[in-house]
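Enquirer: Return a 3D structure for these sequence lines:
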Amino acid sequence: KEMRRGSWGTRLKFVELSALEQSSLILEKTILKRLDLAEKENEAIYHERVPSLKKIQEIEANLLAKPSAYAEPPLNTESPMARLVPAAIQELAVRFRQELKEDYKMRRRDAETKAEEIRTALQLLNLPAALDAREGTTGIPDQLWARIQNIQTKGGSEHVDGLLKQVLVAQDKAWEIYNATKETLENELKEDEKLRSVYGGRWTRAPSKEITADFLNQLTTVEGYLKRATSADEKLGIKRKKEDACMQMVKGSRSEIEANVPKVIAPTEKKDESPEEKTLKEDLEQLNKIVMARPKVIDLAEEKSKKWEVEVAFLEDDRKRVDSEETKTRLNSSLDPYFTKLKQIDSRQLELLQQVERKNEAWKKSLESDPQMAKRSEYFGKLNSGVEATESLTSNLLQGLKFYGDCMGEYLNPLHQKVKDFVVAREYEKKMHMDQITRALAAVGQAKPMPGGNASSPNASAPPPQGGMYGYNPSFQPTQQQQQQQHTEAKCH
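Expert: Numbers count the residues shown, from 1 in each chain. Next up is the predicted model:
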């Protein structure tokens, strides 16, 4: 503007000054607009205006922490590191918990075996079917029908066949993983022995036989589990075929099954329950309670052991120079009441089975000879056999599926992966050793003087003869005639 007022600016008519002036005006408007917007935004938070500095109260100073003099801790104060659990103690605790887990599995399998002994013994005595047959002249007792209905709800014999098929598939899969793991280890061992025989003392890698000992021991343990499981599966398959006729009797509605029950002419007077029959029913009820009691006792023992502070116990005893086996014994001793109870249950079961056998004979002798009731008892015996067979097969097959799942999940698959990782590491280690041996053999070949050069010349030596691993024969040695010829040529040279 000042330049325009002068004669110089008017005379020369600077067009650039007009353009610059216009740009500055536009920029000034933009800046003022944005400033106005920023002030409005800064003066309010949402819908509330920001108070001015005069209206804002001053924040008073407050003492947040008081200084205090440092005090030395007492000499008898426990070190903060004292309660840290060393890795060795943690590993010991993990192994102990795994041992407990295996022990509970074994006791549960034993409990199921004992329950199966009860079912088998009663089935041979046609109990409780013979007692059920005496409760009426027609129809099926409600207690027996409830069991049949439960079986039909789950799918009956078709459900059993499906479970058996799943178990056999899981068995094949488990053996497949086991065989693959074992074959991998055996191939690695054979390759190591082959390389060791070829290279002799040059092959300084650790022998596979020593390193794989732990893997082989684990495989042997798993093999024992699988063999026992396979044997049990075969027995279940045999039982399924043997009990097929009785299991087919469980099919159908209640009216359809009752139509096949032999009918008995109702007595004119209802007879009271005989003493023999009464005591026999009481013993059968006791056996039923025993079947349910064992798993409960084992569950109680397991719940108690889960509350143990195993790491603390091992750590405290370690400081006292107490052997870890004594610690395990001390901890396990708290479970003695539960395991003593299991032994008492075993003794009581044996006693009751003997009593039931004697009382059943006495009860049968007390009955009047009735051909119609005998046929009814025989029919209910077969029907009860079908029910027992279906229930026991279902229970055992479900346990089999759980076993194979646990075996593959906790043992076989992790072991197979470890072996694969081990073989990969050994393969890398083999390549490193092969490279070292190759370089060593090449260096030995270059050190020998040859005609037309010296020991340091690249052409001073010919490559070793072909053979062995990677084209080299480490056992090659020149003959006496070749040595003399090389010596004469070198001398002449």
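
Enquirer: what's the spacing between the closest residue to residue 359 other than its chain neighbours and residue 130?
Expert: Counting by C-beta to C-beta, 6 or more residues apart in numbering, the nearest residue to residue 359 once its immediate chain neighbours are dropped is residue 280, at 4.6 Å. Backbone N, C-alpha and C define where each C-beta goes, glycine included. Relative to residue 130, residue 280 is positioned 9 Å away (criterion: C-beta to C-beta, to the nearest Å).

Enquirer: Name the residues contacting each of the two.
Expert: Counting by C-beta atoms under 8 Å, 6 or more residues apart in numbering, the residues touching both residue 280 and residue 130 are residue 360.

Enquirer: wait, what's in contact with the residue lying closest to residue 128 once chain neighbours are set aside?
Expert: Leaving aside its chain neighbours, residue 128 sits nearest to residue 284 (5.6 Å; criterion: C-beta to C-beta, 6+ apart). Residues counted as contacts of residue 284 (C-beta under 8 Å, 6+ apart) are 122, 127, 128, 131, 356.

Enquirer: in the strand or helix carrying residue 284, what's buried?
Expert: Counting by DSSP states H and E, the element that carries residue 284 is helix 275-306. Of the residues in helix 275-306, 276-277, 280-281, 283-284, 287, 290-291, 293-294, 297-298, 301-302, 305 count as buried by neighbour count, 16 or more other C-beta atoms under 10 Å.

Enquirer: what do you get for stretch 182-190?
Expert: Using 16+ other C-beta under 10 Å as the test for burial, stretch 182-190 gives 182, 184, 185, 188, 189.

Enquirer: do the same with stretch 197-212
Expert: Using 16+ other C-beta under 10 Å as the test for burial, stretch 197-212 gives 198, 199, 203, 208, 212.

Enquirer: Could you report the separation of the residue nearest the centre of the chain from residue 102?
Expert: If you average the C-alpha coordinates of the chain and look for the closest C-alpha using C-alpha atoms, centre = their mean, you land on residue 410, 3.0 Å from that point. Counting by C-beta to C-beta, the gap from residue 410 to residue 102 is 10 Å.

Enquirer: What is the strand or helix carrying residue 171 packed up against?
Expert: Assessed by DSSP H and E, residue 171 sits inside helix 156-199. The criterion is 3 or more C-beta pairs under 8 Å, 6 or more residues apart in numbering; DSSP states H and E, and the helices and strands that helix 156-199 contacts are helix 208-211, helix 213-242, helix 244-248, helix 371-406, helix 413-446.

Enquirer: Can you list the neighbours in contact with the first one?
Expert: Put plainly, it is helix 208-211. Under C-beta under 8 Å, 6+ apart, the answer for helix 208-211 is 188, 189, 192, 193, 422, 426.

Enquirer: Using CSV, lay out those together with distance to residue 366.
Expert: Converted to CSV, the contacts of helix 208-211 look like this (distance: C-beta to C-beta, whole Å):
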residue, distance to residue 366
188, 72
189, 71
192, 76
193, 76
422, 71
426, 76
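
Enquirer: Please identify which pair of those residues lies farthest apart.
Expert: With C-beta to C-beta as the measure, no two of those lie farther apart than 193 and 422, at 16.5 Å.

Enquirer: okay, these two: which has more neighbours?
Expert: residue 422 (17 against 13; other C-beta atoms under 10 Å).

Enquirer: Surely the more buried one touches residue 215?
Expert: Yes: counting by C-beta atoms under 8 Å, residue 422 sits close enough to residue 215 to count as a contact (7.3 Å).

Enquirer: residue ranges with poor pLDDT in the chain?
Expert: For the chain, the stretches with pLDDT under 70 are 1-17, 78-83, 133-138, 264-272, 367-372, 445-493.

Enquirer: Now the buried members of the contacts of residue 284.
Expert: Neighbour-count burial (16+ other C-beta under 10 Å) is assigned, among these, to 122, 127, 128, 131, 356.

Enquirer: In TSV, list those residues along with secondary structure.
Expert: Putting the buried ones among the contacts of residue 284 into TSV (DSSP: H, G, I helix; E, B strand; the rest coil) gives the following:
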residue	secondary structure
122	helix
127	coil
128	coil
131	helix
356	helix
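
Enquirer: ok, so of these, who is nearest residue 96?
Expert: Distance from residue 96 was checked for each of these by C-beta to C-beta. The minimum falls on residue 122, at 39.6 Å.

Enquirer: count of residues packed around the closest residue to residue 50 other than its chain neighbours?
Expert: Closest residue to residue 50 in three dimensions, ignoring its sequence neighbours and counting by C-beta to C-beta, 6+ apart: residue 43, at 5.3 Å. Number of residues near residue 43 (other C-beta under 10 Å) recorded here: 12.

Enquirer: how far away is residue 43 from residue 382?
Expert: For residue 43, the distance to residue 382 - C-beta to C-beta - is 96 Å.

Enquirer: any shared contact partners between residue 422 and residue 215?
Expert: Common neighbours of residue 422 and residue 215, using C-beta under 8 Å, 6+ apart, do not exist here.

Enquirer: From residue 214, how far out is the closest residue to residue 140 other than its chain neighbours?
Expert: Counting by C-beta to C-beta, 6+ apart, residue 258 is the residue found nearest to residue 140 once chain neighbours are left out, at 5.5 Å. Remark: distance between residue 258 and residue 214 (C-beta to C-beta) = 62 Å.

Enquirer: So for those two, which sits in the more crowded spot?
Expert: residue 258 (14 against 10).

Enquirer: for residue 85, helix, strand, or coil?
Expert: When states are read from three-state DSSP, the local structure at residue 85 comes out as coil.

Enquirer: can you count the residues close to it?
Expert: Burial of residue 85, expressed as a neighbour count using other C-beta under 10 Å, amounts to 15.

Enquirer: cool, the one 4 residues further on as well?
Expert: Applying other C-beta under 10 Å, we find 19 residues neighbouring residue 89.

Enquirer: How about the contacts made by it?
Expert: When contacts are counted by C-beta under 8 Å, 6+ apart, residue 89 is found next to 311, 314, 315, 318.

Enquirer: any idea which element the third one lies in?
Expert: In this structure, residue 315 is located in helix 310-319 according to DSSP H and E.

Enquirer: Which is the succeeding secondary structure element to that helix?
Expert: Counting by DSSP H and E, the next helix or strand C-terminal to helix 310-319 is helix 324-333.

Enquirer: the inter-axis angle of that following helix versus helix 310-319?
Expert: What separates the directions of helix 324-333 and helix 310-319 is an angle of 140 degrees, with axes from the mean of the first three to the mean of the last three C-alpha atoms, to 10 degrees.

Enquirer: Run through who's touching helix 324-333.
Expert: With contact meaning C-beta under 8 Å, 6+ apart, helix 324-333 is reached by 92, 96, 99, 305, 308, 310, 313, 314, 317, 318.

Enquirer: What angle do helix 275-306 and it make with each other?
Expert: With the same axes, to 10 degrees as the criterion, the two stretches helix 324-333 and helix 275-306 enclose an angle of 140 degrees.

Enquirer: in helix 324-333, what's buried?
Expert: Of the residues in helix 324-333, those scored as buried under the neighbour-count criterion (16+ other C-beta under 10 Å) are 324, 327, 328, 331.

Enquirer: do the same with stretch 427-447
Expert: By 16+ other C-beta under 10 Å, the buried positions in stretch 427-447 come out as 430, 434, 437, 441, 445.
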